[in-house]
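Asker: Give me a 3D structure for the following:
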Amino acid sequence: MSAFVRSAAGAGATAPQDQVRDVGADLVERWSGPGRTYHNLRHLADVLARVDELAEETHEPDLVRLAAWYHGAVFDADHVATYANRGGEDEVASARLATEQLTALGVPDARVARVHELVIALVRHVADPSDFDCAVLCDADLAMLAAEPQRYKAYLHDVREEYADVPMPDYIRARQRIVRKLLKRPSLFVSPLGAAWEEPARQNLGAELHKLDKVLAELDPPQGPERAPAEDVVVREPVHRGAGA
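Answerer: As a prediction, the model looks like this:
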């Protein structure tokens, strides 16, 4: 809460501190909503921590921090299409919420518009390298991809649990599309400091895609003599627990 109050003040909020805290409390409640096993307060704290790591590259760090607070404030994990298209985080609705709440707190219009712009940039998650604030926000949001392997495995489990209502084959195919799209990018991270995360992120994504392919082969094996032998199929625990999806 104190971090949100500091960022709002740094952005120029003129509302009484109690009102700023009320908005912060609303955001905390949103990030703590039911069904958020990954896109929750822990994820928000991780993104904010990564923003702090890259803050020396930003022009307006408080605006980047506010954009981080709002980037997933509105969330929906009900349908496979939701996951495949935007991962449950509704950036458009979240940006609209940021505009409404920050304006009510007296943040200057130009800075409100900038926070809105930064949140909207995460719809495509492709930053202009010359826009350092946007590059830092995008890199901070993707930084989990570069986590050490055990933490990355926990991340995959938590994301799968978040979309537990999506049938496993549908989920795996959606995840495959996302991973392949990421791997095709010339670079995952745009900011100079964030570039250090490139290699471990690609290693994690490559290993995940390999496992996804094997799990999907088990769930939907080829017919006839080409069917994969049992000993070549990935163990079942990641399928049921979601760690491999």
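Asker: Export only the CA atoms of stretch 50-67, formatted as PDB.
Answerer: Extracted in PDB, the C-alpha atoms of stretch 50-67 (Å, rounded to 0.1, in the frame of the first residue of the first chain):
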ATOM      1  CA  ARG A  50      11.700  -6.000 -11.800                       C
ATOM      2  CA  VAL A  51      10.700  -2.400 -12.600                       C
ATOM      3  CA  ASP A  52      12.900  -1.300  -9.700                       C
ATOM      4  CA  GLU A  53      15.800  -3.400 -11.100                       C
ATOM      5  CA  LEU A  54      15.500  -1.600 -14.500                       C
ATOM      6  CA  ALA A  55      14.400   1.800 -13.100                       C
ATOM      7  CA  GLU A  56      17.600   3.600 -14.000                       C
ATOM      8  CA  GLU A  57      16.600   3.100 -17.700                       C
ATOM      9  CA  THR A  58      13.200   4.800 -17.200                       C
ATOM     10  CA  HIS A  59      12.300   8.500 -17.700                       C
ATOM     11  CA  GLU A  60       9.300   8.400 -15.400                       C
ATOM     12  CA  PRO A  61       9.600   5.400 -13.000                       C
ATOM     13  CA  ASP A  62       6.500   6.300 -11.000                       C
ATOM     14  CA  LEU A  63       4.300   6.200 -14.100                       C
ATOM     15  CA  VAL A  64       5.900   2.800 -15.000                       C
ATOM     16  CA  ARG A  65       5.100   1.500 -11.500                       C
ATOM     17  CA  LEU A  66       1.500   2.800 -11.700                       C
ATOM     18  CA  ALA A  67       1.100   1.000 -15.100                       C
END
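Asker: Which positions in that stretch come out as buried?
Answerer: Taking 16 or more other Cβ atoms under 10 Å as the basis for neighbour counts, the residues of stretch 50-67 that come out buried are 50-51, 53-54, 57-58, 60-67. Where you see a C-beta, it was placed from the backbone N, CA and C, and this is true even at glycine.
Asker: what's the average pLDDT for the helix or strand harbouring residue 205?
Answerer: Using DSSP states H and E, the element containing residue 205 is helix 198-219. For helix 198-219, the mean pLDDT works out to 95.
Asker: In terms of secondary structure, what does it contact?
Answerer: Here helix 198-219 touches helix 149-162, helix 168-183, helix 237-241, going by 3 or more Cβ pairs under 8 Å, 6 or more residues apart in numbering; DSSP states H and E.
Asker: mean confidence score for the first one?
Answerer: pLDDT averaged over helix 149-162 equals 95, rounded to a whole number.
Asker: cool, and the last one?
Answerer: Taken as a whole, helix 237-241 has a mean pLDDT of 29.
Asker: With the second one instead?
Answerer: For helix 168-183, mean pLDDT is 94.
Asker: Show me the residue sitting in the middle of this protein in space.
Answerer: To find the centre residue of the chain, average its C-alpha atoms and take the closest one (Cα atoms, centre = their mean): that gives residue 141, at 5.1 Å.
Asker: can you pull the contacts of the nearest residue in space to residue 103 that is not next to it in sequence?
Answerer: Distance criterion Cβ to Cβ, 6 or more residues apart in numbering; nearest residue to residue 103, sequence neighbours excluded, is residue 112 at 5.4 Å. Applying Cβ atoms under 8 Å, 6 or more residues apart in numbering, we find residue 112 in contact with 98-99, 102-103.
Asker: hmm, back to that, and the angle from the helix holding residue 205 to helix 149-162?
Answerer: Taking axes from the mean of the first three to the mean of the last three Cα atoms, to 10 degrees, one finds that helix 198-219 is oriented at 50 degrees with respect to helix 149-162.
Asker: So which bits of helix 198-219 are buried?
Answerer: Within helix 198-219, judged by 16+ other Cβ under 10 Å, the buried ones are 201-202, 204-205, 208-209, 211-212, 214-216.
Asker: Same question for stretch 184-194.
Answerer: 188-191, 193-194.
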